[in-house]
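**Student:** no letters, just coordinates:
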């Protein structure tokens, strides 16, 4: 793995102190997390506008973390910038520019092309930034669990349903917390020590997912969070956090990278459990 940079250390400090920050500075922290790749070329006024705060708040944020001002903190991100991560980011920027500059109608096939390109960019970013240590901890947590509970609501529900289906190929007892009939509380009633909860959510976070994470923690179950940032409520309630940022087009975020991450998580777990996962259609049963 790459050597930990000063920028990585700064972002970890920000994550550790996030809940104690005033609301304005929390907004700056979120902006840094979401725009880390371009901070080094943005003016303090542009960042302030993006955060919805006065420029002085950005300076106070830098000073809060031991820098003389914004420029000194900005230099940390500039030094951490590498050629490896540049192609994915610049490609995303080109996609956005093409979409914004397009006049008139757009053919359906070109819309499809933009979504495909955005998904490729998201997968490139996932490949570059996947945290190996966290991924291994996630696999180990699931391998040790007696029961695995899975929750994801709204746009995350499709991912939760898939990983619950995939995990049925193991010998683990798997429970999809769907909340059917409003029964989130009842479906989580039996979770306890020795179990694990996989919680998938992205801003705006599902209150049902956050509730499930709190219940799991109270009952001493392990919690694996899957989200886009180390900042925010999912990080606070997770024992292990996997980060994934989706490519987006036309203001719609994809699910490609999250699905890929969850498929990789399942296959890595199956490998650890020494399983041979095969799709079979037993005679007399429904087709998958």
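**Tutor:** Arrived safely. None of these values were measured; they are calculated from a predicted model.

**Student:** what residues of stretch 167-176 count as buried?
**Tutor:** For stretch 167-176, the neighbour count (16 or more other Cβ atoms under 10 Å) marks 167, 169, 170, 172, 174, 175, 176 as buried. For glycine as for every other residue, the C-beta is placed from the backbone atoms N, C-alpha and C.

**Student:** what's the distance between residue 150 and residue 8?
**Tutor:** Remark: distance between residue 150 and residue 8 (Cβ to Cβ, to the nearest Å) = 30 Å.

**Student:** all strands of the stretch 51-200 of the chain, in order?
**Tutor:** Taking DSSP state E, counting those that start in this stretch, the strands of the stretch 51-200 of the chain run over residues 147-152, 173-176, 196-200.

**Student:** so which of those is nearest residue 26?
**Tutor:** Each of the strands of the stretch 51-200 of the chain was checked against residue 26 via Cβ to Cβ, and the shortest separation belongs to strand 196-200, namely 21.3 Å.

**Student:** what pairs with that closest one, parallel or antiparallel?
**Tutor:** In the sheet, strand 196-200 lines up against strand 147-152 (parallel), strand 222-227 (parallel) (DSSP bridges).

**Student:** how about those strands in a markdown table, adding distance to residue 56 and mean pLDDT?
**Tutor:** Supplementary listing: the strands paired with strand 196-200 in a markdown table, determined by distance: least, Cβ to Cβ, whole Å; pLDDT from 0 to 100:
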| stretch | distance to residue 56 | mean pLDDT |
| --- | --- | --- |
| strand 147-152 | 39 | 94 |
| strand 222-227 | 30 | 92 |
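
**Student:** any chance of those strands in a markdown table, plus distance to residue 72 and mean neighbour count?
**Tutor:** Conversion of those to a markdown table gives the following (distance: least, Cβ to Cβ, whole Å; neighbours: other Cβ atoms under 10 Å):
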| stretch | distance to residue 72 | mean neighbour count |
| --- | --- | --- |
| strand 147-152 | 40 | 25 |
| strand 222-227 | 30 | 24 |
